[in-house]
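S.K.: Fold the following, please.
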Amino acid sequence: MISELDELYQEVILDHSRRPRNFGDLPEAAVRVHGDNPACGDEIHLGVKFDAGGGLQDIKFTGHGCAISQASASLMTMKLRGKSRVEVMEMLRAFHNLVTDETSEAPKTLGDLRVMKGVRKFPQRVKCAMLAWRAVEQALEQGAGEATVSTEPA
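M.R.: Below is the predicted model:
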């Protein structure tokens, strides 16, 4: 039996996958990262524009894939816009723990991203949830230009 909370989480995920926020091209992006998950066909094209201090001034994505990958990217872009590099990396670690560690409590700082907690029960879906996050991590490391990141080992 599905709990009311699980139903709410499913509704939020479906809403973000059907009507993703911050979906579209970012023409003035300093970094563009293409992320893919060959195991299931998910693709994310992430554009990031940095502010003067190196934080994420703007972030948008395009792509296609399962509800988990699209909802994760939508929720992530909403949460990371305007954050410093340090805040982004802290959220990345917290989100990774949320979707991989059974003992991890979802920090309140993740906000709506906590709806992705159920993904940890499905190891193949963790890669879907992490795809956009790996792309933003690559964008921060790169700083400018274009890159590709994959959920599969090279």
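S.K.: Can you pull the poorly scored residue ranges out of this protein?
M.R.: 1-2, 5, 152-154 (pLDDT under 70).
S.K.: got a list of contacts for the longest helix along the chain?
M.R.: As assigned by DSSP state H, the longest helix anywhere in the chain is helix 123-142. Here helix 123-142 makes contact (Cβ atoms under 8 Å, 6 or more residues apart in numbering) with 31, 33-37, 39-40, 42, 44, 46, 48, 56, 59, 61, 65-66, 68-69, 72-73, 76-77, 80, 85, 88-89, 92, 95-96, 99-100, 116, 119-120, 147, 149, 151. Where you see a C-beta, it was placed from the backbone N, CA and C, and this is true even at glycine.
S.K.: Distance of Val149 relative to Lys127?
M.R.: Separation of Val149 from Lys127 (Cβ to Cβ, to the nearest Å): 12 Å.
S.K.: returning to what we had before: now the buried members of the contacts of helix 123-142.
M.R.: Buried members of those, scored by 16 or more other Cβ atoms under 10 Å, are 31, 33-37, 40, 42, 44, 46, 48, 56, 59, 61, 65-66, 68-69, 72-73, 76-77, 80, 88, 92, 95-96, 99, 116, 119-120, 147, 149, 151.
S.K.: List the ones among these that fall in helices.
M.R.: Those of the buried ones among the contacts of helix 123-142 lying in helices (DSSP H): 68-69, 72-73, 76-77, 80, 88, 92, 95-96, 99.
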